[in-house]
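**Q** have a look; sequence and predicted model below, questions after that.
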Amino acid sequence: CSAPGALHSHGQQATTQEDQEMYVRHQRLTQEARQHFKILKDPFIDELRSSADVFESEDIRYVRAAVRQTASHGGMLGVVGDSGAGKSTIRKDLQEWINTSGAPITVIEPYVVNTSSASKSGRPLVAADITGAIIRNIAPGKSARVSVEARTEQMHQLLKDSARAGRKHVVIIEEAHDLATPTLKAMKRFYELEDGFSKLLSIILVGQSELAEKLSEKSAEVREVVQRCELVTLPPLDQNLAAYLQHKFKCAGHDMARVLEPDAIDAIRTALRRTENRTFGGKRTAQDVSKCHPLAVNNLVTRAMNQA
């Protein structure tokens, strides 16, 4: 795109954090921009209608396969990615795959208004919420028993009966980086629910980079969970950025080359780099990180098109 103040790759980038953040604020493609670029459908708003619309790189294919494998065959999986990296898309893709393939898998998504243990509003997700969600999903309309022990026994029996009827069960917890330590520790007990040698629950924890820190082997409090949990990461798009944008414009019936000049790809990568303080092994250090994730890319290109 060419416009006053538009992005260029010749060493120019935002000079302040405020300028950088401005690039990635949400904005819709205006009618004027659509008309100018002769594009009828916004490539970045409500663009995911089916699994065919999901961009696939080697990294995304691996994470998708790991999620499906866990849901189908058991295990505990942590899916880690920055905000806007596509974690919710992976979850939706799993549900779409279950719906279209007819896989006998019940997806259980415990939900409270605020899962953060540090939040002053709402309340954190606790093990009792997960137990209640399992009961509601397996036996809709059935009242949960009052005492914790009776409710846990009820959940276990319902899982056994459902598994013996041929169904599998996967608990998916989003924003898992906000889970309190006692809830994380409880994952071991849910994971160990069995009927003979058969595990009754798969668990998928979805969260931002802080989840990887919480599930570090150096964290003694949750070590038993860490030992059972595989971690997969949704990395930035950097090396797949051109292919990603080509895919988005193609899905909208348009050619990327009619909108973006060749050097725009490098300009986008440059604009979406940040210096952040991150904690690794208990030490906080400044890191040069890429924020070249789908949501940030979508918002940045939309703003550039509107400005042009």
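**A** That came in fine, so what should we check first? Numbers count the residues shown, from 1 in each chain.
**Q** mind checking which helix or strand residue 34 is in?
**A** Assessed by DSSP states H and E, residue 34 sits inside helix 31-37.
**Q** flag the shaky bits of the stretch 51-200 of the chain, pLDDT-wise.
**A** 112-122 (pLDDT under 70).
**Q** helices or strands up against the helix holding residue 34?
**A** With contacts taken as 3 or more Cβ pairs under 8 Å, 6 or more residues apart in numbering; DSSP states H and E, helix 31-37 sits against helix 294-307. Backbone N, C-alpha and C define where each C-beta goes, glycine included.
**Q** using PDB, write out every CA atom in the helix it packs on.
**A** C-alpha atoms of helix 294-307 as PDB (Å, rounded to 0.1, in the frame of the first residue of the first chain):
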ATOM      1  CA  PRO A 294      -2.600 -13.700  12.600                       C
ATOM      2  CA  LEU A 295      -4.700 -11.100  14.600                       C
ATOM      3  CA  ALA A 296      -1.900  -8.500  14.600                       C
ATOM      4  CA  VAL A 297      -1.200  -9.100  10.900                       C
ATOM      5  CA  ASN A 298      -4.900  -8.800  10.100                       C
ATOM      6  CA  ASN A 299      -5.400  -5.600  12.000                       C
ATOM      7  CA  LEU A 300      -2.200  -4.000  10.600                       C
ATOM      8  CA  VAL A 301      -2.900  -4.800   7.000                       C
ATOM      9  CA  THR A 302      -6.500  -3.600   7.400                       C
ATOM     10  CA  ARG A 303      -5.400  -0.200   8.800                       C
ATOM     11  CA  ALA A 304      -2.800   0.100   6.000                       C
ATOM     12  CA  MET A 305      -5.400  -0.500   3.400                       C
ATOM     13  CA  ASN A 306      -7.800   2.000   4.900                       C
ATOM     14  CA  GLN A 307      -5.100   4.600   5.200                       C
END
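**Q** and that helix, what does it pack against?
**A** helix 17-23, helix 31-37, helix 241-251, helix 264-271.
**Q** out of the ones you listed, which comes closest to residue 182?
**A** helix 17-23 (34.8 Å; Cβ to Cβ).
**Q** distance of the residue nearest the centre of the chain relative to residue 194?
**A** Nearest to the mean C-alpha position of the chain, by Cα atoms, centre = their mean, lies residue 87 at 1.4 Å. In this view, residue 87 and residue 194 are 29 Å apart by Cβ to Cβ, to the nearest Å.
**Q** for residue 161, same thing?
**A** Counting by Cβ to Cβ, the gap from residue 161 to residue 194 is 14 Å.
**Q** ranges for the strands of the stretch 101-250 of the chain?
**A** 105-108, 168-173, 194-195, 198-199, 202-207, 229-233 (DSSP state E, counting those that start in this stretch).
**Q** one step back: is it true that the residue nearest to the centre of the chain touches residue 93?
**A** No: Residue 87 lies out of contact with residue 93 (Cβ atoms under 8 Å); the separation is 10.7 Å.
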